[in-house]
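Colleague: can't give you the sequence, but here's the structure:
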Ligand SMILES: [Zn+2]
């Protein structure tokens, strides 16, 4: 019994499972002694030898130290039943070498003083009744003069990535979805990560900023990206983690480069704005409305006290962000963005956010959820309908706020329909 785990790459196993593979051959391993890990790295089938690697190719054991030679055999399912007893049940004792060897198609060579690894393939384990029991198709053994001991194996699955979710999650529709994320700071970086986790197929990232040291306390990106453009760094960061999502970076400022954004919107299904500041939010509201696309706007208000996510939809009876904010003012409630109507550049200088990074991530995650649900609803998955068009959540509740921000307790969340009709003179909702 050993604590070593042997990783078996799918591309190697496919060779052994081929109809013309024969019943035995040589194999080689890589080894990483620091984590007691081995990798099948070479298989010999007849006269041909094949290098095999684990996906992703960058996995460091692919470049690991040479871990020795061994043999592979086809074997009866009975032998794998033994392996199950030894490894899964933690049996300390091995099996006698002659009993083991009797069940192999060819004689075993002398293991010498050091021993060697044998990989066995039991094709019969794929068929009933074994496919409903935990008898594995592949097993590994440490053959010594004192006996044969089970070695734990981990088989790389045929399918990795978001495709694994297909039975329980509408991954096919999401894989066809394009979301534009405007602003990939602390909220946007978390939202991008979550959107990729939901399986959104394509993300257009729009942000002109570079990652700087003061961002690190709140941002999903690690310090090795300091100085890089956030959009590029996020693409690199997620390439390892969520390779099924295609990330297209644009170092645009949504306000200054509005014309470029307009061009990208025709290929976008939904826009998520996580940029803080009045001008980008107003610009996204305007451009999305004019392009006939839904938009989700996420922000943190009141110095990190409350998170707010608004959904804007290009329906005739739904006003834009400005129309909705005006309705709040007309109702005599709090105006959370008093500078919204002010011209760009006339406001105060950007104040660094006082919210803590995990609160911003929480808002980013919720924004990604609402964006994903909107895409699914649009694709006809009505189970993903949301209860309203505005979600507010208290991150650090303070007494005395007026509606819709009077949440009372930290963690309170509230949905509101929050729809306001388009104003007649609205430059966004009115006729162009
Ligand atoms: Zn409007």
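Modeller: Cool, the structure landed. What you are looking at is a predicted structure, and each value in this text was computed from that prediction instead of being measured.
Colleague: next SSE after the helix or strand of the chain with the lowest mean pLDDT?
Modeller: Comparing every helix and strand of the chain by mean pLDDT, DSSP states H and E singles out helix 321-330 as the least confident one, with a mean of 85. Next in sequence after helix 321-330, counting helices and strands by DSSP states H and E, comes helix 357-378.
Colleague: elements contacting the helix or strand just after that following helix?
Modeller: Using DSSP H and E, the helix or strand that follows helix 357-378 towards the C-terminus is strand 390-394. Identification of packing neighbours for strand 390-394 by 3 or more C-beta pairs under 8 Å, 6 or more residues apart in numbering; DSSP states H and E yields strand 306-312, helix 357-378, strand 413-416. For every residue, glycine as well, the C-beta is placed using N, CA and C.
Colleague: Can you check the pLDDT for residue 157?
Modeller: Residue 157 carries a pLDDT score of 86 in this model.
Colleague: these two touch, right, it and residue 8?
Modeller: No: because the distance of 10.7 Å does not satisfy C-beta atoms under 8 Å, residue 157 is recorded as not touching residue 8.
Colleague: Who has more neighbours out of these two?
Modeller: Legend: neighbour count by other C-beta atoms under 10 Å for residue 157 and residue 8, higher for residue 8 (22 against 9).
Colleague: quick one, phi/psi of that one?
Modeller: phi -120, psi 110 (degrees, to the nearest 10).
Colleague: ok, it to residue 39 distance?
Modeller: Summarising the geometry, the distance separating residue 8 from residue 39, computed by C-beta to C-beta, to the nearest Å, is 8 Å.
Colleague: and what of residue 230?
Modeller: With the distance defined as C-beta to C-beta, residue 230 ends up 35 Å from residue 39.
Colleague: Compare those two (neighbour count), which wins?
Modeller: Here residue 230 and residue 39 are set side by side on neighbour count (other C-beta under 10 Å), and the busier one is residue 230, at 28 against 23.
Colleague: OK, contacts around the more buried one?
Modeller: 184-185, 189, 205, 207, 209-211, 219, 221 (C-beta atoms under 8 Å, 6 or more residues apart in numbering).
Colleague: same check, this time on residue 399
Modeller: Going by C-beta under 8 Å, 6+ apart, the list of residues near residue 399 reads residue 408.
Colleague: can I assume it sits in a strand?
Modeller: No: residue assignment for residue 399, taken from DSSP: H, G, I helix; E, B strand; the rest coil, gives coil, which places it outside any strand.
Colleague: and residue 239, how many neighbours does it have?
Modeller: Using other C-beta under 10 Å, the number of residues around residue 239 comes to 14.
Colleague: any idea which element it lies in?
Modeller: Residue 239 belongs to helix 230-241 when assigned by DSSP H and E.
Colleague: hey, which of the helices and strands packed on strand 390-394 is tucked in deepest?
Modeller: Mean neighbours per residue, mean count of other C-beta atoms under 10 Å, is largest over those for strand 306-312, with a mean of 25.
Colleague: Kindly report the residues of the stretch 101-250 of the chain close to the ion.
Modeller: Taking C-beta under 5 Å from the ion as the measure of proximity, the stretch 101-250 of the chain makes no contact with the ion.
Colleague: Residue of the stretch 101-250 of the chain nearest the ion, please.
Modeller: Residue nearest to the ion within the stretch 101-250 of the chain (C-beta to the ion): residue 182, separated by 18.5 Å.
Colleague: Alright, that wraps it up for me.
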